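Trainee: coords below, sequence missing:
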């Protein structure tokens, strides 16, 4: 199963990744996807996550073809 | 109409509002109140001079989220329409960053819905600010409290 993982704003600069494609051998949660994508690190408490443009929590399971996004707290307006 | 616009173009919020309202009033002759919020770029933040501001966003998710809060406002209050316009890209002091408006028959619903829209936008819509200071660039870590 293949997923796309995107990183935005300061997070993209900190981890030096904009987008990666991962092939998963087994179903993973959002937090596990982070660990796989970001140097085997724990999913930080303050980071927000979305799947296919909708907010999700760290325990949501990802599906084949999903676009997962990780980003820092938002500062619009 | 519930319009949501995310744009790289400079805009005049009062002109945008006037043009939108002219169209709206053709459909809603019972409108008696409009509440608006306009956010403008300051030339300073946390004690430092700010020369330019770059607003990044998550294309598609941003528009989807703004449409979602517009729908929620329409369900929660007796309002007739909403408008949200938000700049992205590079901007300068005095540029308008955001325009939010809510129309209703009476002021209570218009005030409440407008406040809801701007607070939800600031807390959850995926936009991020990067400031250019005389000493370099930095990401804005958090929004100012309401």
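Mentor: That came through, no problem. Remember, it's a predicted structure, so these values are computed and weren't measured experimentally.
Trainee: Need the per-residue pLDDT for the residue in chain A that chain B sits nearest to.
Mentor: The nearest approach of chain A to chain B comes at residue A:76, 2.7 Å away (Cβ to the nearest Cβ). In this view, the C-beta of every residue, glycine as well, is placed from N, C-alpha and C. If you check residue A:76, the pLDDT there is 96.
Trainee: do the same with residue B:133
Mentor: Reading off the model, residue B:133 has pLDDT 98.
Trainee: how about it, what does it touch?
Mentor: B:48-51 (Cβ atoms under 8 Å, 6 or more residues apart in numbering or on different chains).
Trainee: Could you find the closest non-adjacent residue to the residue in chain B positioned nearest to chain A?
Mentor: Nearest residue of chain B to chain A, counting by Cβ to the nearest Cβ: residue B:127, 2.7 Å away. Leaving out its chain neighbours, the residue that sits closest to residue B:127 by Cβ to Cβ, 6 or more residues apart in numbering or on different chains is residue A:76, at 2.7 Å.
Trainee: any idea how far that neighbour is from residue B:9?
Mentor: 17 Å (Cβ to Cβ, to the nearest Å).
Trainee: now do residue B:58
Mentor: From residue B:58 to residue B:9 the distance is 19 Å (Cβ to Cβ).
Trainee: Who has more neighbours out of those two?
Mentor: The neighbour comparison of residue B:58 against residue B:9 (other Cβ atoms under 10 Å in any protein chain shown) goes to residue B:58, with 21 against 9.
Trainee: list the contacts for the more buried one?
Mentor: Going by Cβ under 8 Å, 6+ apart, residue B:58 touches A:6, A:8, A:50, A:53, A:69, A:71, B:126.
Trainee: Phi, psi for it please.
Mentor: Backbone torsions of residue B:58, given as degrees, to the nearest 10, read phi -110, psi 100.
Trainee: hang on, the earlier thing: the residue nearest to residue B:127 and residue B:57 touch, don't they?
Mentor: Yes: assessed by Cβ atoms under 8 Å, residue A:76 is found in contact with residue B:57 at 7.3 Å.
Trainee: residues bridging contact with those two, i.e. touching both?
Mentor: Counting by Cβ under 8 Å, 6+ apart, the residues touching both residue A:76 and residue B:57 are B:86, B:125-128.
Trainee: Where is the longest helix in chain B?
Mentor: Ranked by number of residues, the top helix in chain B under DSSP state H is helix B:107-124.
Trainee: What count of nearby residues applies to residue A:15?
Mentor: Residue A:15: 14 neighbours (other Cβ under 10 Å).
Trainee: for the one 4 residues further on, same thing?
Mentor: Under the neighbour criterion other Cβ under 10 Å, residue A:19 is assigned a count of 11.
Trainee: What of residue A:16?
Mentor: 7.
Trainee: Identify the residues contacting residue B:47.
Mentor: Listed by Cβ under 8 Å, 6+ apart, residue B:47 has no contact partners.
Trainee: buried set for the longest helix of chain B?
Mentor: B:109-110, B:112-122, B:124 (16 or more other Cβ atoms under 10 Å in any protein chain shown).
Trainee: Turn those into CSV, columns for pLDDT.
Mentor: Below are these laid out as CSV (pLDDT from 0 to 100):
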residue, pLDDT
B:109, 98
B:110, 98
B:112, 98
B:113, 98
B:114, 98
B:115, 98
B:116, 98
B:117, 98
B:118, 98
B:119, 97
B:120, 98
B:121, 98
B:122, 97
B:124, 97
